[in-house]
Every structure is written in structure tokens, then in C-alpha cells.
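Colleague: okay, predicted coordinates and the sequence, questions at the end:
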Amino acid sequence: MRRVARALCHALKPCLVGSRETQPYAALGTELGMTEGAARVAVCRLRERYRECLKAEIAHTVASAEEVDEELRHLFRVMARR
């Protein structure tokens, strides 16, 4: 199971950044042997998990819990400029 999860994560990794409107969910679903809807759900879950992990890491670098969301917003603003 872990091997399948790694392959899925690797295939979905490019979907973590970029516009949701430009994600090739149909092609991604075909590549992964799933429906377009299942691909969308998988991407959504990956993004949620990624956000959780990112917030946990950021929490280790700031002085208070209130600063986590501010730092996360700043990070996304910087990434959006690329």
C-alpha cells in the first residue's frame, strides 16, 4: 500500500502549485487509472495534508500560534509571484 501511496503522491505533486482551473484532472485520472472526480478528490486531500504538514513545520519557527497563519499567507504570496 505504501508503494501505491508514494506513486500517487509523486503523480499528484505538480498539482500542489498552480491554478486549480488549469489542473489536468481528466488526464491525471486516466494516467492513474481513476475517474476525473477521483483525481480531483485525491488532489484536494493531498493539498489539505500538505497544508497541515506545512503549518506544523511553520509552528516550529514562530513564537506564537497566531503567527502561523500569517507566516503561511506570506509564504503563499511569495510563491505566487514565481
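Modeller: Perfect, I can see it now.
Colleague: please make it C-alpha for all contacts and neighbour counts, starting now.
Modeller: Noted.
Colleague: list the buried residues of the helix or strand encompassing residue 68.
Modeller: Using DSSP states H and E, residue 68 falls within helix 66-80. Using 16 or more other CA atoms under 10 Å as the test for burial, helix 66-80 gives 68, 71, 72.
Colleague: of those residues, closest to residue 40?
Modeller: Set against residue 40, the nearest of the buried residues of helix 66-80 by CA to CA is residue 72 (23.4 Å).
Colleague: between its first and last residues, how far does stretch 55-70 reach?
Modeller: Using CA to CA, to the nearest Å, one end of stretch 55-70 lies 11 Å from the other.
Colleague: please renumber the chain so that the first residue is 2 from this point on.
Modeller: OK, 2 is where the count begins now, so the last one is stretch 56-71.
Colleague: what mean pLDDT does it have?
Modeller: Averaging pLDDT along stretch 56-71 gives 92.
Colleague: residues contacting that stretch, please?
Modeller: 72, 73 (CA atoms under 8 Å, 6 or more residues apart in numbering).
Colleague: which helix or strand contains the residue nearest to the spatial centre of the chain?
Modeller: Geometric centre of the chain, nearest residue: residue 48, 2.8 Å, by CA atoms, centre = their mean. Assigning secondary structure by DSSP H and E places residue 48 in helix 37-60.
Colleague: give me the contact list for the helix or strand bottoming out on mean pLDDT in the chain.
Modeller: Sorting the helices and strands of the chain by mean pLDDT, DSSP states H and E puts helix 3-13 at the bottom, at a mean of 78. Contact with helix 3-13 is made by 29, 33, 43, 44, 47, as judged by CA under 8 Å, 6+ apart.
Colleague: so which bits of that helix are buried?
Modeller: Under 16+ other CA under 10 Å, the buried positions of helix 3-13 are 9, 13.
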